[in-house]
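> here is my input, please return the structure:
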Amino acid sequence: MTILRFRIFWEDDDQTYRDIEIAGNQTFLDFHKAIVAAYEFDGKHSASFYESNDKWAYGRELNSEVLVNKKDAPALSMLKTPVSALVSVPDQKFVYVYDPVKKWTFLVELITVLKEENSRRVYPFLLRKEGVAPAQYGIKGVSPDKIMEIEEKYDLGAEEMAEGFGNEGEGGEDSSDEGGHEENMTDSGGFDD
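Numbers count the residues shown, from 1 in each chain. Okay, here's the model as predicted:
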């Protein structure tokens, strides 16, 4: 069985993505559910895949609410369409839009085709998560463990923070000129009463 590995980027941040492996005979509805789970959305809204090109133009639509494929219909059914049926090039692209009101948009690109499945995996399989998923509703509650993980990843130690920054008051001649100027003002009687 052929396994297709896709990278699903969040349109607003290309550093946030998920790699999902799916069997070629599984449907776009299976793929839709895997993306929703990978990005921690609730799955209560409809979604669409659009065939795309290298410029991410919207092509033929597959919709989660269409139940059957009909000739000349405006959209294909995710339920009835296997993923491999629409993979025609090695770097096949799709645009995935979740929730027609909010229009959460993800760019989906085929990155690898595997000839054999891994018997220890249940497909679709979330292979990799990179970046913090967007909050579907307002502010997302991030667990304290996740906050620590993020802080540790980007934490700079005291030495790194100190590099390139001097202490206030350093500067040699400029700071002594100011001090000398104040003394002259006081000595001349300008500020003494």
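
> use CA for all of it now, contacts and neighbours both
Will do.

> where exactly do the strands run in the chain?
Along the chain, the segments classed as strands by DSSP state E run 3-10, 13-23, 47-52, 61-63, 75-77, 93-98, 104-114, 125-130.

> so residue 133 touches residue 41, yeah?
No: using CA atoms under 8 Å, residue 133 is not in contact with residue 41; the gap is 9.1 Å.

> where does pLDDT dip in the protein?
Filtered on pLDDT under 70, the chain yields the residue ranges 138-193.

> if you set the cut-off to 50 instead, what comes out?
173-190, 192-193 (pLDDT under 50).

> nearest to residue 69, of the strands of the chain?
Closest of the strands of the chain to residue 69 is strand 75-77, at 5.2 Å (criterion: CA to CA).

> neighbouring contacts of that closest one?
Residues outside strand 75-77 that contact it (CA atoms under 8 Å, 6 or more residues apart in numbering) are 60, 61, 62, 63, 64, 65, 66, 67, 68, 69, 70.

> just the buried ones from the residues you listed?
Among the contacts of strand 75-77, those buried by neighbour count (16 or more other CA atoms under 10 Å) are 61, 62, 63, 64, 65, 66, 69.

> so the second one bridges to which residues?
Translated: residue 62. residue 49, residue 76 (DSSP bridges).

> quick one: it from residue 99, how far?
Separation of residue 62 from residue 99 (CA to CA, to the nearest Å): 14 Å.

> quick one on the thing from earlier: dump the strands of the chain to JSON lines, plus distance to residue 84.
Formatted as JSON lines, those follow (distance: least, CA to CA, whole Å):
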{"stretch": "strand 3-10", "distance to residue 84": "8"}
{"stretch": "strand 13-23", "distance to residue 84": "8"}
{"stretch": "strand 47-52", "distance to residue 84": "12"}
{"stretch": "strand 61-63", "distance to residue 84": "14"}
{"stretch": "strand 75-77", "distance to residue 84": "14"}
{"stretch": "strand 93-98", "distance to residue 84": "12"}
{"stretch": "strand 104-114", "distance to residue 84": "11"}
{"stretch": "strand 125-130", "distance to residue 84": "16"}
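
> ok, which of those comes nearest residue 36?
Of these, nearest to residue 36 by CA to CA is strand 93-98, at 8.3 Å.

> starting from that closest one, tell me which strands it pairs with and how they run.
Strand 93-98 is paired, per DSSP bridges, with strand 47-52 (antiparallel), strand 104-114 (antiparallel).

> any chance of those in a markdown table with distance to residue 4 as columns?
Shown next, in a markdown table, are the strands paired with strand 93-98 (distance: least, CA to CA, whole Å):
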| stretch | distance to residue 4 |
| --- | --- |
| strand 47-52 | 16 |
| strand 104-114 | 5 |
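
> residue 127 - how many residues pack around it?
14 (other CA atoms under 10 Å).

> re the thing from before, of the strands paired with strand 93-98, flag the one that's most buried.
Most buried of these by mean neighbour count (mean count of other CA atoms under 10 Å) is strand 47-52; its value is a mean of 24.
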